[in-house]
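Chemist: How does the following fold in three dimensions:
(one chain, ligands or ions: 1)
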Amino acid sequence: MSVTVRVPAKVNVQLAVGAARPDGFHDLANVFLAVGLYDEITVTPADGLRITCDGPDADQVPLDRTNLAARAAEALAARYGRSPDVHVHIAKDIPVAGGMAGGSADGAGALVACDALWGTGASRDELLEICAELGSDVPFSLVGGAALGIGRGERLTPLEVGGTFHWVFAMAGRGLSTPAVFREFDRLGEGTDIPEPVASGELLAALAKGDPDALAAAVSNDLQPAALSLFPELAGTLAAGRAAGALTALVSGSGPTTAFLVRDPEAAAAVAQALMSSGTCRTVRTAAGPVPGATVAGR
Ligand code: C5P
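Modeler: Purely as a prediction, here's the structure:
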């Protein structure tokens, strides 16, 4: 018997970042949108805990206990007094270390898959609590759709979305470490007054209306200057996408994946083509959102 769960990537349409807290984390107003790029997590009973991975970036995925999928299986097993005797296979399509919550997706996916395999009967709230312990973005990978995350980004309020938004994503030649980007944010902000993060009313209204022009005018990412400081070449990718007609261009989360909002699938194809031939990125994908979070796809 095995269970397969499909989990989407995310793009942050707003990422407002406050000052560093005493625990080192930053308070956020983080507006997540789940987009149709997926990892698939398959769990099968085994003698012990084992992680395997395939896909274009598989060689960059840790297969030890630091993998969020391993930590999810261990956390659920510990809570229900059993051993995490499971083989977790990750079919990886979300870029690794890309700012699209690929690791978080695997954590949420392994949790939902093990929960179904073991029949724990855990409530949604219990699963969300485990997700929040695994990482700030993991709860959103479970719920999907669109949501505002406050606190570390783990306290979620679902958001209404009045349409489908079309995106192009440009993957960079190397990854960026999220903690390093937050540290750079702190360094760049030293000596300045950093305001409390708040969600933008214009942005929430644009999502609710499903209006891509209004969303394009309202997106923001406070981590973008830090990501650009550590990875200056991203400016060229953003410029190439804008020149190709994207409604807006921004770094996705802590980067280095860059995200381009477009009006429709035709525009997505044109911007994708232009980005590919610009030579400013490693690969390009198109995806639309919102889409549902971690979902059992087969058993
Ligand atoms: O929660 P998660 O493990 O995904 O966070 C990874 C790192 O990103 C943290 O160790 C911290 O450096 C940074 N972070 C932060 N503030 C947040 C979320 C993440 O500083 N709200």
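
Chemist: So which residues of the protein form helices?
Modeler: With DSSP state H as the criterion, the chain has helices at 68-79, 102-118, 124-134, 138-143, 178-189, 201-209, 212-218, 224-230, 234-243, 265-278.

Chemist: check contacts around the nearest residue to Pro95 once chain neighbours are set aside.
Modeler: For Pro95, ignoring the flanking residues on the chain, the nearest one in space by CB to CB, 6 or more residues apart in numbering is Met171 at 4.8 Å. (Glycine included, C-beta is placed from N, CA and C.) When contacts are counted by CB atoms under 8 Å, 6 or more residues apart in numbering, Met171 touches 95, 98, 257, 281-285.

Chemist: CA-only coordinates of stretch 163-174 in PDB, if you can.
Modeler: Taking C-alpha atoms only, stretch 163-174 is exported to PDB below (Å, rounded to 0.1, in the frame of the first residue of the first chain):
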ATOM      1  CA  GLY A 163     -10.000  34.800 -10.800                       C
ATOM      2  CA  THR A 164      -6.900  32.900 -12.100                       C
ATOM      3  CA  PHE A 165      -3.600  34.700 -12.300                       C
ATOM      4  CA  HIS A 166      -1.100  33.600 -14.900                       C
ATOM      5  CA  TRP A 167       2.700  33.600 -14.100                       C
ATOM      6  CA  VAL A 168       6.000  32.900 -15.700                       C
ATOM      7  CA  PHE A 169       8.800  31.800 -13.400                       C
ATOM      8  CA  ALA A 170      12.500  32.100 -14.200                       C
ATOM      9  CA  MET A 171      14.800  29.700 -12.400                       C
ATOM     10  CA  ALA A 172      18.300  30.900 -11.600                       C
ATOM     11  CA  GLY A 173      21.600  29.100 -12.100                       C
ATOM     12  CA  ARG A 174      22.100  28.700  -8.300                       C
END
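
Chemist: could you give me the average pLDDT of it?
Modeler: Regarding stretch 163-174, the rounded mean pLDDT is 96.

Chemist: What residues of it count as buried?
Modeler: 165-172 (16 or more other CB atoms under 10 Å).

Chemist: so which of the contacts of Met171 are also by the ligand?
Modeler: When CB under 6 Å from any ligand atom is taken as the criterion, no member of the contacts of Met171 contacts the ligand.

Chemist: which of these are buried?
Modeler: Among these, the ones that count as buried by 16+ other CB under 10 Å are 95, 98, 257, 281, 284-285.

Chemist: which two from these end up farthest apart in space?
Modeler: Taking CB to CB as the measure, those span a maximum distance of 12.6 Å, between Gly98 and Val284.

Chemist: rewinding a little: export the contacts of Met171 as TSV, with columns for distance to Ala9 and pLDDT.
Modeler: Shown next, in TSV, are the contacts of Met171 (distance: CB to CB, whole Å; pLDDT from 0 to 100):
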residue	distance to Ala9	pLDDT
Pro95	8	89
Gly98	8	89
Thr257	9	96
Cys281	16	96
Arg282	16	94
Thr283	14	94
Val284	14	96
Arg285	9	95
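
Chemist: Show me what from the chain comes close to the ligand.
Modeler: Residues of the chain lying close to the ligand (CB under 6 Å from any ligand atom) are 25-26, 28, 135-137, 152-153, 178-179, 182.

Chemist: closest to Ser200 among those?
Modeler: Leu28 (13.2 Å).

Chemist: excluding its backbone neighbours, what's nearest Val31?
Modeler: That would be Gln14: by CB to CB, 6+ apart, it lies 4.0 Å from Val31.

Chemist: Who is the residue nearest to Pro95 paired with across the strands?
Modeler: Thr283 (DSSP bridges).

Chemist: mind checking how far it is from Asp193?
Modeler: To Asp193, Met171 is 35 Å away according to CB to CB, to the nearest Å.
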